[in-house]
Structures are given as C-alpha cells and as structure tokens.
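[1] Here's my sequence, what's the structure:
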Amino acid sequence: MLQTICKKTVKLCRSPTAVELFKRGLLTTSVQKQANKDSPVVSSYNGWDPLEEVIVGRPENACVPYFGVEVKAITSQDRWEFFHQRGGTSFPREHLAKAIEQIEEFCNVLRGEGVTVRRPDVVDWSKEYETPDFKSRGMYGAMPRDVLLVVGDEIIEAPMSWRSRFFEYRTYRKLVQEYFNKGAKWTAAPKPLMTDALYDQEFPVDDFEKRRDLVLSGKFVTTDAEPAFEAADFARAGKDIFAQRSQVTNQAGIDWMKRHLEPEYRVHQLYFKDANPVHIDATFNLIGPGLAISNPDRPCLNLDIFKKAGWKIVECPHPTLSDSHPMWLSSKWLSMNVLMLDENRVVCDANELPTIKMFESLGIKTIKVDIRFAYSLGGGFHCWTCDVRRKGTLQSYF
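    Predicted coordinates for the structure are as follows:
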C-alpha cells in the first residue's frame, strides 16, 4: 500500500526537479512522515533503553587545538609544552593510527551486538578559517556526544564554545540532514560569535589553586556574554534532563536549553565539587532506571531529586590507567565513560578490572573493548558515540 501511495505522490510532482528530489530522499512528504511516525528514525529518551542505531566519531585527521585561554583552562601545566608545540597541527601520527584502529574495532563490536553504526564524514581539520572575530583551525569529528544531543525525536546541534570546534557540526551535517529528511526534528542552537568577551581573559590558567577556588565559587573561563554549551554537559532520563555549568557550558547555554525544552521536559542543574568540570559523563552517569554511577573525586552536591525518587547512586572504583599514558584532553576517569547497550549490557574498558567487577556486581554484562589510544583525544565510549535510536518510550523516573 505504501509503495502504491509513493508512486502516486511522485506522479503528482509535475516538476522533474521535484521528482528527482523525492527519489533522492530530499523531499519530505506526508507519506514519508506517516511512515516514520510508526517507526521513527530518531528516537532516544535516555541512555539505557535498547540501543538500535548510533553515530560513532572519526579520529581521522584530528588536530591539536590552538592553545587559547579556553583550552589552557582545562589542561594541566605538565601538558602545556605539547600544546605549544603542536597546536593547529596533527596529533602524533602513530598514536592517531592506533586510535583509528581501536575505534574501527569498537564499531565492529557494536555491529556484532546488533547495533546499526553510522559514521560522520572525514574532514581535513588542518584548514585555517576566519570569522570577523577570530582565526583558528579545526580539531576533529571524534566526539559526536559533544556536538549532538538527541531528545526524543529531535536532534539538537550544540553551538560549542571552543574556537577550534566552531565548524565541527559540518562533519555530521549529511547524517543530520538525512535524519531530518526522514522525519526527525532538527534544531541548531544559536551559533556564538566567540569574541574575546566569551572568555575571561584574566582567568588564572597558570595557577591551579586560584583556578580551583574560582570554579568552586562558580566562576569559569567561559562568561555569559552569549549562550554556549556542549551537548555532553547534559544527561537524559526521560522527562528529566540534567545539566552542569562547566568550562565549556555557560549559564546562558543552560538557560537556552531550559527555554527550548520546557515544559515538555524538566531541566535540572547539578552541582559538583569539581575543580575543572568539562562534560558530565565522566562525573555522573545515568545508566539505568533508578541507577547512576558517580565519581568519588567529584561528588554531586545536590542529590535530593535522586534520593527522593529512590535512585541508587554507586561510586565508581578509581581508574587503573598508568600515569605514563598520554591523556592530552581528558582524565583517567574515562573509566566510567561507558556506553549502555541496554539496562543489562555495557561497553566498558577491557583494562579496568575494578570497574568491570562493579558492573558485574550490579548484574550488568560487560562487553570489554580497548580504546585507550582513542582516550588520549579526549573521550571514552560515551563521548565517541551519539545514540540516535533506542527502543523505548518517554517516561518519568522522578
């Protein structure tokens, strides 16, 4: 029946251009929308319903970001020489090749678990670009979790806050366009100008003690000159979305999300005792209905909503990663940056035996994968992915 209707619809498109657009999937019709109503191409309300389709990032051509104040604010001084030497150029080639190999294996594991894997375009991130306010080079298309947030059947494109990530959305654009053509909602948050006003130029990047005290008092390298945020600072639990203010997500960005999502969703702000917050998913990770894992070094300061709803909060064991392993843009706590395939299966670091035992004690099957060379670029399994479709419905867990 659907095929017959589609043929009739094509005949009604008198213009050859319209017919061609329809054939190529670039013309959305009521028939297409109705087909996707019954089987949405994009649908994800949390991080634990059965995973059906996911975007996995690409390490190819990844470049070290220019070392501006926004990057200095999240890095320790023992790594500064690396950024001074390599800012705007490729990450070490041999290391990058191993990361590519590991992410390919990760994709194969996901496919073996029955998950459809989509990949963004390969981009030359070394090209310099210029806006009226700044010059930069790109960084990478490795972390879709930072750029894209799926809430129900809507893809929200984050505006980002680093100049090196200004055009990062381009690597995902064909995929997002495809999902839109098939019926998904698509929202791009306002792109910040990223003038000097967005960054506190006096932020004490070279004094860890002062930097920590400022952050703990609620002051960050990003100002509220304009909304800016990264999608990985938001965690989804059905009707409730949790956000943290961080070095890459400002209060104006959280306010924009609240106004965009409410009243259909409730947006809550979480606060952590964290000297250098950047993304919520290596600090507090919602892994099941009524179950979250927490970083003991970065405790949450306002857990009332979880306690009242009877949630179980499990502290993660400390990571075992050696200090000698290069972690240019992240911490060892990527050990808790896991990807749930459903409530009972988790993809986690094959080397982190204490974390594996923790999951097993919770009755969760561990799918062990090694992506430690990919870790060095700044993300774990959760960061390297964006779940496009999970089999589940919108519910309230609070």
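[2] What is the end-to-end distance of stretch 54-70?
    Stretch 54-70 stretches 30 Å from its first residue to its last (C-alpha to C-alpha, to the nearest Å).
[3] Give the rounded mean pLDDT of it.
    Per-residue pLDDT values across stretch 54-70 average out to 97.
[4] where exactly do the helices run in the protein?
    In order along the chain, the chain carries the following helices (DSSP state H): 2-12, 16-23, 30-38, 69-72, 80-86, 93-112, 144-147, 173-181, 208-216, 251-261, 304-308, 353-361, 372-375.
[5] what's the most buried one of those?
    Highest mean neighbour count of those: helix 144-147, a mean of 27 (counted as mean count of other C-beta atoms under 10 Å). Yep, even glycine has a C-beta here, placed from its N, CA and C like the rest.
[6] For it, name the packing helices and strands.
    Here helix 144-147 touches strand 385-390, going by 3 or more C-beta pairs under 8 Å, 6 or more residues apart in numbering; DSSP states H and E.
[7] Other residues contacting the strand it packs on?
    Contacts to strand 385-390, defined as C-beta atoms under 8 Å, 6 or more residues apart in numbering, come from residues 40-57, 116, 118, 144-145, 147-150, 179, 231, 339.
[8] Let me know the pLDDT of the residue most central in space within the chain.
    Residue closest to the average C-alpha location in the chain (C-alpha atoms, centre = their mean): Arg145, at 1.5 Å. Note for Arg145: predicted pLDDT of 98.
[9] cool, and Gln77?
    Reading off the model, Gln77 has pLDDT 89.
[10] Please name the residues that touch it.
    Asp206, Phe208.
[11] could we number from 437 for the rest of this?
    With 437 as the first residue, the last one maps to Gln513.
[12] so how far is Lys646 from it?
    Taking C-beta to C-beta, to the nearest Å as the measure, Gln513 falls 13 Å from Lys646.
[13] Is it correct that Tyr701 is in contact with Asp676?
    Yes. Between Tyr701 and Asp676 there is a contact under C-beta atoms under 8 Å: 7.0 Å.
[14] shared neighbours of the two, anything?
    Counting by C-beta under 8 Å, 6+ apart, no residue touches both Tyr701 and Asp676.
[15] ok, back up a step: give me every residue that touches the residue nearest to the centre of the chain.
    By C-beta under 8 Å, 6+ apart, the neighbours of Arg581 are Ala667, Ala668, His715, Asp717, Gly815, His818, Cys819, Trp820, Thr821, Cys822.
[16] quick one: which of those sit in strands?
    Counted as lying in strands by DSSP state E, out of those, are Thr821, Cys822.
[17] now the contacts of Arg581 in JSON lines, with distance to Tyr605 and neighbour count?
    Below are the contacts of Arg581 laid out as JSON lines (distance: C-beta to C-beta, whole Å; neighbours: other C-beta atoms under 10 Å):
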{"residue": "Ala667", "distance to Tyr605": "11", "neighbour count": "25"}
{"residue": "Ala668", "distance to Tyr605": "14", "neighbour count": "28"}
{"residue": "His715", "distance to Tyr605": "17", "neighbour count": "26"}
{"residue": "Asp717", "distance to Tyr605": "20", "neighbour count": "24"}
{"residue": "Gly815", "distance to Tyr605": "17", "neighbour count": "26"}
{"residue": "His818", "distance to Tyr605": "19", "neighbour count": "25"}
{"residue": "Cys819", "distance to Tyr605": "16", "neighbour count": "25"}
{"residue": "Trp820", "distance to Tyr605": "17", "neighbour count": "30"}
{"residue": "Thr821", "distance to Tyr605": "17", "neighbour count": "24"}
{"residue": "Cys822", "distance to Tyr605": "12", "neighbour count": "27"}
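[18] Considering the contacts of Arg581, which is situated nearest to Tyr833?
    Set against Tyr833, the nearest of the contacts of Arg581 by C-beta to C-beta is Asp717 (17.6 Å).
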